[in-house]
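**Student:** Please find the sequence and the predicted model below.
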Amino acid sequence: MHPWSGRARSGQPDVGLPQRLVVRLLLVLTAAAGCLDAVCVIRLGGAFASVVTGNLVQLGRGIATPDGPLLVSAAVAVGGYAVGVVAGSAGQARRSAGWYPRTSLLVAAEFALLACVAGGWPATGGDPGPYTAALLLAAAAAAMGMQSAITIGSGVRGASTTYLTGTLTTVVRGLTTGRPPRLAGVADGAARLGALLVGATVGALLLRFAPLWAPVLPAVLVGAVVVIATASPRGRVEEPRRRRRRAFLLRSRGGGSTAPPPRPPGKRSG
């Protein structure tokens with residue numbers, strides 16, 4: 001199978017990873033985003049790698065103060081993030097939602113960006129100057145933009161691994177309404193919130209006690225996602241007729257329907 005073709009050599013479409021595994025992979029990516037944001041805010045000019053809302057606020061503050069370094073950091077972060085979203089979205093063009101081999105390649109590209117950040121960090125002694133900080137921040141923000149696009153295309157409805165305001169809103173709203181369908185998604189959202197908090201906490205602790213290793217952790221986490229996604233078995237492809245038959249049986253068991261499964265268009269009954 002050619003990794004960018006979207007089809008296996010047999011002519012069958014690529015099969016995505018099971019959604020339960022994808023949910024767990026997104027947790028790891030969320031922790032990586034929290035750790036990276038902590039590093040960027042504390043050591044790379046006060047801008048986030050992934051939180052565009054906060055960066056726009058910082059950009060406005062830099063314009064009004066005026067604060068040149070803050071303005072540059074915020075602008076670089078927003079621009080780098082946008083470039084990452086473009087790259088991640090283009091890599092998933094004309095594909096249905098899900099985690100396919102192409103998705104893993106995009107995560108590998110994100111890993112490469114984070115590896116550049118982790119590799120360039122020791123050369124600065126953990127305290128980069130303004131120009132080096134801007135370059136590192138641009139790479140980190142581009143990686144997070146790619147991650148956001150990857151998450152949207154992963155097939156997990158409403159999931160986010162970078163901006164989690166909507167996730168918190170969904171969790172609180174689900175707990176308030178108390179409906180079982182909502183509660184099912186509350187646990188996943190709460191887990192991602194916890195992963196972000198843990199990642200940010202660990203990132204801040206690394207900056208305090210082992211500053212040269214702080215940017216390494218996000219790269220390691222994203223690299224682990226690449227390895228797991230590549231090595232994991234994928235779901236099976238059901239033929240259209242088999243899917244229709246299975247859906248008919250499920251409807252029959254649930255509602256007592258005796259209608260035959262719908263025939264594919266363009267075919268006549270014998």
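**Tutor:** Happy to help now that I have it. Numbering: from 1, shown residues only.

**Student:** Not including adjacent chain positions, what is the nearest residue to Leu113?
**Tutor:** Nearest in space to Leu113, with sequence neighbours left out and distances taken as C-beta to C-beta, 6 or more residues apart in numbering, is Ala143 at 4.0 Å. (Glycine included, C-beta is placed from N, CA and C.)

**Student:** And the one you found, how far from Ser232?
**Tutor:** 22 Å (C-beta to C-beta, to the nearest Å).

**Student:** Same drill for those two, tell me which one is more crowded.
**Tutor:** Between Ala143 and Ser232, Ala143 has the larger neighbour count (other C-beta atoms under 10 Å), namely 33 against 14.

**Student:** Which strand or helix spans that one?
**Tutor:** Using DSSP states H and E, Ala143 maps to helix 130-152.

**Student:** packing partners for the following helix or strand past that helix?
**Tutor:** Using DSSP H and E, the helix or strand that follows helix 130-152 towards the C-terminus is helix 165-177. Judged by 3 or more C-beta pairs under 8 Å, 6 or more residues apart in numbering; DSSP states H and E, helix 165-177 is in contact with helix 180-209.

**Student:** Tell me the helices and strands packed up against the helix it packs on.
**Tutor:** Secondary elements touching helix 180-209 (3+ C-beta pairs under 8 Å, 6+ apart): helix 19-43, helix 165-177, helix 216-231.

**Student:** And the one helix or strand Val57 maps to, what's buried?
**Tutor:** Counting by DSSP H and E, the element that carries Val57 is helix 52-64. Neighbour counts over helix 52-64 (16 or more other C-beta atoms under 10 Å) mark Val52, Gly54, Asn55, Gln58, Leu59, Gly62 as buried.

**Student:** Quick check: of the residues you listed, which lies closest to Leu175?
**Tutor:** Gly54 (25.4 Å; C-beta to C-beta).
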